[in-house]
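**Student:** Dropping the sequence and predicted coords here.
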Amino acid sequence: MMETRVVRAWGDIERDRSLMEEAGRLIRNGQLVAIPTETVYGLAGDALNPASAKRIYEAKGRPSDNPLIVHIAEITALDRIVAGIPENAEILIKEFWPGPLTLIFKKSAAVPPETTGGLDTVAVRMPVNSIAAEFIRASGGYIAAPSANASGRPSCTTAEHVYEDMKGKIPLIIDGGEVGIGLESTIVDLSGERPCLLRPGYVSLKRLREKLGEVDTDPFIEGVMDENAHPKAPGMKYRHYAPKGELYIVRGDPESVRERINSLCRDGKDKGIKTAVLASDETADSYRADIVRSLGSRQDEESIARNLFKALRDMDNEGADLIYTEEFDSADMGMAIMNRLIRAAGHKIIDCKRKEQK
Ligand code: AMP
Ligand code: MG
């Protein structure tokens, strides 16, 4: 088995120089390196090398029809990999790059089909994280980097999470501490007639509409699960983020949610099952379960986003069999948070009002 080293980076060009040189060498040789970004940790390979894309799919155990996002460090790097830059893209790039927004373009011939899962479009992002930017520069400028988790598991927000999933599979993990945002980038498709949101993230639909006017939304975002449907972001159809225990979202007014969750936990306890609740600072005290975990204050939706994936991983480490979570339908990031939770729960939602289980 390959030895996996975890090396701390500081976001300082001088101090990180030899680490970046080593990482860049690995990438140019077709190897993989895990890196911090502002959203989640990424598993990086050379985006223009088909062999690297294959290695990424292998290390993640990811289906190879699920395309990778290409990461760049300068806006001028875009020209080489896209067939053209539409006006809408110029507007969004000016406003949100570098940052947690991925844009989909028609691709140029420079990008191998292995990187784009056979599609004629390419997803591109320019991270703001300075360690990621230095790494991309040291690696030749075009990095394919999906989230560094093993396929299906919650994305990684710390280098320790990456080590859990990638130990023995990649030579190097660059540790940049805990990420700032904690949810993957917003994805907007600009390759069609109208802009379309494919995955919600830190950059909200509201902000996109303020800049572009109308923006469509892919029905898969809301969790439509039709066997025959094809989400525009192929990744949205796969089971993702799921903890090992059964996770249910409990929906309704706070009082009913509390009663229902406590009653379900009592039932679970009677059967000798280990129960857990994902709550908020405002509500955590009112639950009776084996594990009660607050994701943060409802007044601070960014903290909830940042803690979500770690909390889901912790459920596995603590051996939770049955997990109930509140809804987190906040104003800005609510759509992004609920999109991840709905998929982590495999669409299992308990609606307190209608007293039925879907
Ligand atoms: P991850 O790398 O784990 O953040 O996931 C990347 C997401 O971007 C997946 O859901 C992919 O399906 C989606 N994606 C990447 N490239 C494209 C593309 N060219 N068109 C549509 N979706 C894409
Ligand atoms: Mg992912």
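**Tutor:** It's in. Source: prediction; values computed, not measured. Numbering: from 1, shown residues only. Ligands and ions are numbered 1, 2, ... in the order given.

**Student:** residue nearest the centroid of the protein?
**Tutor:** Centroid-nearest residue in the chain: residue 184, 3.0 Å away (criterion: Cα atoms, centre = their mean).

**Student:** SS state for that residue?
**Tutor:** Secondary structure for residue 184, judged by DSSP: H, G, I helix; E, B strand; the rest coil, is coil.

**Student:** was I right about it contacting residue 203?
**Tutor:** No: look at residue 184 against residue 203 with Cβ atoms under 8 Å: they stay out of range, at 11.4 Å. For every residue, glycine as well, the C-beta is placed using N, CA and C.

**Student:** export stretch 114-121 as CSV, just CAs?
**Tutor:** Taking Å, rounded to 0.1, in the frame of the first residue of the first chain, the C-alpha atoms of stretch 114-121 are listed here in CSV:
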residue,chain,number,x,y,z
GLU,A,114,-11.9,11.6,-19.4
THR,A,115,-12.0,14.8,-17.3
THR,A,116,-15.5,15.7,-18.4
GLY,A,117,-17.0,12.3,-18.2
GLY,A,118,-17.5,12.3,-21.9
LEU,A,119,-19.5,15.6,-22.0
ASP,A,120,-18.7,18.3,-24.5
THR,A,121,-18.9,20.9,-21.7
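
**Student:** Pull out the buried positions in it.
**Tutor:** 114-117, 119, 121 (16 or more other Cβ atoms under 10 Å).

**Student:** From the residues you listed, list the ones also adjacent to ligand 1.
**Tutor:** With Cβ under 6 Å from any ligand atom as the criterion, the members of those in contact with ligand 1 are 116, 119, 121.

**Student:** which ones are touching the first one?
**Tutor:** By that I understand residue 116. Residue 116 is in contact with 67-68, 107, 122-123, counting by Cβ atoms under 8 Å, 6 or more residues apart in numbering.

**Student:** now do the last one
**Tutor:** Under the criterion of Cβ under 8 Å, 6+ apart, the contact list for residue 121 reads 104-107, 189, 191.

**Student:** Quick check: the gap between the residue of the stretch 151-300 of the chain found nearest ligand 1 and residue 241.
**Tutor:** Residue of the stretch 151-300 of the chain nearest ligand 1, by Cβ to the nearest ligand atom: residue 235 (2.1 Å). Residue 235 is 11 Å from residue 241, where distance means Cβ to Cβ, to the nearest Å.

**Student:** between these two, what contacts are shared?
**Tutor:** Joint contacts of residue 235 and residue 241 (Cβ under 8 Å, 6+ apart) do not exist.

**Student:** So residue 148 is in contact with residue 39, correct?
**Tutor:** No: applying Cβ under 8 Å as the test, residue 148 and residue 39 come out as separate, 11.1 Å apart.

**Student:** For the contacts of residue 116, which two are the farthest from each other?
**Tutor:** 68 and 107 (11.9 Å; Cβ to Cβ).
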